[in-house]
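> Here is my input, please return the structure:
(chains A and B)
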Amino acid sequence: MSILVELNEKIRNAFLECGYEVDGKLVTLSDRPDLSQFQSNTAFIVAKKNGINPVKLSEEVIKKLENDTDLSKVFVAGPGFINVVLDNNFLSSYIERNFSKIDLTKYNCDKKKIIIDYGGPNVAKPLHVGHLRPAIIGEGLKRLSRELGNEIIGDIHLGDWGRQMGLVISEIKLRQPNLIYFDDQYSGEYPDCCPVTVEELNELYPTANCAAKNDEARMEEARNATYILQNKDHKNHRGYYELWKQLVKTSVSDLKKTYEKLDIHFDLWRGESDCNNSIPKLLEILSEKNMIETSDGATVVYVNEEGDKVDYPPVILKTKNNTVGYQTTDLATIYERLEEFDPDEIWYVVDARQKLHFDQIFRVAYRSGMVDESKKLVFIGFGTMNGTDGKPFKTRDGGVMRLSELLDITENKAFEKITNTSIEKSEKQEIACLVADASLKYADAISNRLTDYVFDIDKFTDNNGKTGPYILYSQVRIQSLLEKANVQGIKEGNLLAPSSKEELNVMLEIIKLPDVIISAYNNKSLLEIADFLFYLNSSFNNLYNNCRILDEKNIERRASLLKLIRIVGDINKKLLYIMSVRIPKRM
RNA sequence: GUCCUCGUAGCAUAAUAGGAGAAUGCAGUCGCCUCCUAAGCGACAGAUUGGAGGUUCAAAUCCUCUCGGGGACGCCA
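Next up is the predicted model:
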């Protein structure tokens, strides 16, 4: 149970004893830590409602809390704030009871089945810097939800079925027209190897896209190739599909390498193409509801609803070329996910600019009855990572920066900063890899999810402040202390009441954990977790600098301090795991 | 043009139902290693919360207007 919830009950009962029924969030962390630890502003609300003096009411209420031994001080300040300070013995035993083992599942009483759709890389394009955010946020939210006891399935949802594939295929046809895939008379087996390397593949799409934009004939060719691909069973062009399979295979093996390096793991590697068989069913459902119309040769669904301030563009199920785009595949994917998994919620971690698209899709999904009103489709938008010029981060020559290149740059920077001379070069390399990873992930998490942020490598890899390296260093210090204690045979013992303000501050940070976790989960934001990690470790570093832990003369106190920092270490491990940040043994 | 989103110290962010000196980190200035990793800790300084009205005992937060950044708006994804 969270400390705020417990205090909430105390305040609620005190008001009740005075004859006032109050509800909701009655207690918050104090805005004035110099005065108290927690505060309640409830008297203002009650006083206003009943036309009484808030100071008098507060004074009456705190009388009911006078004999509560969990609290050392309860007093009224200013216009009627109720200030609360915990009893030190209560505090340490509270931590002993609730945080000796870190188990987050107990904070979530409404466990759900969730599908989280994140990543969404396009198989025709290499992973670029823009793919970093959805990977970090999605993986973090997935792990957070899972730690809270939900059943959550992460799906990468590859972009593998739209016109980008038609562009690539027609570009290959142009360059290598004699490939067996383009021989519609061919009836034998196709080779199990890809005619292009991943490097070539990464170059094909930008070239083809650029060319087709300036050449309507080539664009038409690409649309045609898309149509053939998508209708693989009806045409004598199975070679297109076979070629496509090879392209996807090549791309996916490359994607896996980069995601692996980031310690990001998808449960499902499905793509837009996987729902192809459900598209007729989707059309049937929408048709039964009389939702389908024709407009300029395209098959569409109008999504405007009464009271709309904006005129929504329609959802285009089929273009006049009879191809399907991501609106159709996203809808068919919802259908398949419900059929196969029956989740309570589906989360979409996607670029904030996709909001309109998902608004449209969700409307169709609910209105058609395909998704029951009780289920939640959730749009989790994010801003982009920009360069210092405010535009999406680019390479020095202005091109799109590959994600792998960004990782290399950050790793080199992290390597330079390792000053510990006792570490060998090969270990240094491993540490740099982890520190770089932490730098990027922490920097992403600490930025507001919805706004854009600037890639600033010096800031991200800084040793001080709200950065990955700072948190890692603190944890490495804790690990080192625990290791030394182990070697010296020092065991942890019962948690004693804090004997210094440094110790007290660490304890006051620890008890915030449940509220931070719940809030992060509700807001679907890693920011609160990253922020909390900073304050927790800052309080630990403060303690570390001011109190000798292993040299503490009082044996019981030493054992207590050891337990306290072990708990901080355990919390660090858990939260860093949620952020998919790995911890080096030393730095 | 319509809609979405964001404007908080030089920069980056916070403020969990409207509440007490608007918090924190970088960067700046100044201190701290005979001692568990100084990749650390402490202190100082820095803000008409874009602007103008309004509601309230109380506004960064709510309402109206206004200025500015970013974004979306039918056959790309």
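> Tell me the pLDDT of A:Glu199.
Model confidence at A:Glu199, given as pLDDT, is 89.
> Give me the phi and psi for it.
phi -60, psi -40 (degrees, to the nearest 10).
> Can you tell me which residues in the stretch 251-400 of chain A are near RNA strand B?
A:272, A:295-298, A:300, A:309-310, A:313-314, A:316, A:319-321, A:323, A:325-326, A:352-357, A:390 (C-beta under 7 Å from any atom of the strand). Where you see a C-beta, it was placed from the backbone N, CA and C, and this is true even at glycine.
> For chain A, which residue occupies the most central location?
A:Ile137 (2.4 Å; C-alpha atoms, centre = their mean).
> what's near enough to touch that one?
A:118, A:349, A:380, A:382, A:444-445, A:449, A:526 (C-beta atoms under 8 Å, 6 or more residues apart in numbering).
> From the residues you listed, which shows the smallest pLDDT?
Minimum pLDDT for the contacts of A:Ile137 is recorded at A:Arg449 (87).
> any idea how far A:Lys257 is from it?
Distance of A:Arg449 to A:Lys257, given as C-beta to C-beta, to the nearest Å: 27 Å.
> and if you look at A:Ile361?
For A:Ile361, the distance to A:Lys257 (C-beta to C-beta) stands at 31 Å.
> Comparing those two, which shows the higher neighbour count?
Comparing A:Ile361 with A:Lys257 by other C-beta atoms under 10 Å, the one with more neighbours is A:Ile361, at 24 against 12.
> about what we covered before: what's the PyMOL syntax to select whichever of the residues of the stretch 251-400 of chain A next to RNA strand B are buried?
To isolate the buried ones among those in PyMOL, judged by 16 or more other C-beta atoms under 10 Å, type:
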select buried, chain A and resi 272+300+314+316+319+323+325+326+354+357
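> want to try CSV for the contacts of A:Ile137, with neighbour count and secondary structure as columns?
Shown next, in CSV, are these (neighbours: other C-beta atoms under 10 Å; DSSP: H, G, I helix; E, B strand; the rest coil):
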residue, neighbour count, secondary structure
A:Tyr118, 27, strand
A:Val349, 28, strand
A:Ile380, 21, strand
A:Phe382, 24, strand
A:Asp444, 25, helix
A:Ala445, 26, helix
A:Arg449, 21, coil
A:Leu526, 27, coil
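> out of those residues, who's nearest A:Arg396?
Distance to A:Arg396 across the contacts of A:Ile137 (C-beta to C-beta) is lowest for A:Asp444, with 22.3 Å.
> is it true that that closest one touches A:Ile136?
Yes: the pair A:Asp444 / A:Ile136 is scored as a contact, 4.7 Å apart, by C-beta atoms under 8 Å.
> and for those two, which residues touch both?
Common neighbours of A:Asp444 and A:Ile136 (C-beta under 8 Å, 6+ apart) are A:Leu526.
> List the residues that contact A:Gly80.
Applying C-beta under 8 Å, 6+ apart, the residues near A:Gly80 are A:41, A:43-44, A:47, A:53-55, A:57-58.
> for A:Leu255, helix, strand, or coil?
Put simply, A:Leu255 is helix when judged by DSSP: H, G, I helix; E, B strand; the rest coil.
> quick one: it from A:Val123, how far?
Counting by C-beta to C-beta - A:Leu255 and A:Val123 are separated by 8 Å.
> Those two - which one has more neighbours?
Using other C-beta under 10 Å, the more surrounded residue of A:Leu255 and A:Val123 is A:Val123, with 26 against 23.
> now that one, nearest residue through space, not along the chain?
Of all residues not flanking A:Val123 in the chain, A:Ser251 sits nearest, at 4.0 Å (C-beta to C-beta, 6 or more residues apart in numbering).
> Please, which helix or strand holds that neighbour?
According to DSSP states H and E, A:Ser251 maps onto helix A:238-261.
> Quick check: the residue of chain A nearest RNA strand B.
Residue of chain A nearest RNA strand B, by C-beta to the nearest atom of the strand: A:Gly24 (1.1 Å).
> Doesn't that residue lie inside a strand?
No: counting by three-state DSSP, A:Gly24 falls outside a strand, being coil.
> Quick check: phi and psi at it.
When quoted as degrees, to the nearest 10, the phi and psi of A:Gly24 stand at phi 90, psi -160.
> ditto for A:Gly325
Backbone torsions for A:Gly325, taken as degrees, to the nearest 10, come to phi -110, psi -170.
> OK, contacts around it?
Contact analysis of A:Gly325 by C-beta under 8 Å, 6+ apart lists A:162-163, A:316, A:319.
> Mind doing that once more with 7 Å?
A:162, A:316, A:319 (C-beta atoms under 7 Å, 6 or more residues apart in numbering).
> Among those, which ones are in strands?
A:Ile316 (DSSP state E).
> Which of the contacts of A:Gly325 sits closest to A:Arg566?
Comparing the contacts of A:Gly325 against A:Arg566 with C-beta to C-beta places A:Gly162 closest, at 51.7 Å.
> ok, now how distant is that closest one from A:Phe534?
Distance from A:Gly162 to A:Phe534, by C-beta to C-beta: 42 Å.
> Pick out whichever of these two has more residues nearby.
Each of A:Gly162 and A:Phe534 has its neighbours counted (other C-beta under 10 Å); A:Gly162 has more, 21 against 17.
> Phi and psi next, for the more buried one.
phi -100, psi -160.
> Let me see the contact set for the residue nearest to A:Val123.
Shown in contact with A:Ser251 (C-beta under 7 Å, 6+ apart): A:123, A:198, A:201.
> Doesn't A:Asp192 lie inside a strand?
No: the assignment for A:Asp192 (three-state DSSP) gives coil, which keeps it out of a strand.
> And the pLDDT at it?
93.
> need the contact list for it.
For A:Asp192, the contact set (C-beta under 7 Å, 6+ apart) is empty.
> Relative to A:Leu229, how far out is it?
As judged by C-beta to C-beta, A:Asp192 and A:Leu229 stand 19 Å apart.
> Would you map the strands across the stretch 201-350 of chain A?
A:292-295, A:298-301, A:315-318, A:345-351 (DSSP state E, counting those that start in this stretch).
> Quick check: mean pLDDT of the first one?
Taken as a whole, strand A:292-295 has a mean pLDDT of 95.
> Equivalent analysis for the third one, please.
Taken as a whole, strand A:315-318 has an average pLDDT of 96.
> Can I get that strand in PDB, CA atoms only?
Extracted C-alpha coordinates of strand A:315-318, given in PDB (Å, rounded to 0.1, in the frame of the first residue of the first chain):
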ATOM      1  CA  VAL A 315     -10.800   6.200 -44.200                       C
ATOM      2  CA  ILE A 316      -9.700   4.800 -47.500                       C
ATOM      3  CA  LEU A 317     -10.100   1.000 -47.400                       C
ATOM      4  CA  LYS A 318      -9.200   0.500 -51.000                       C
END
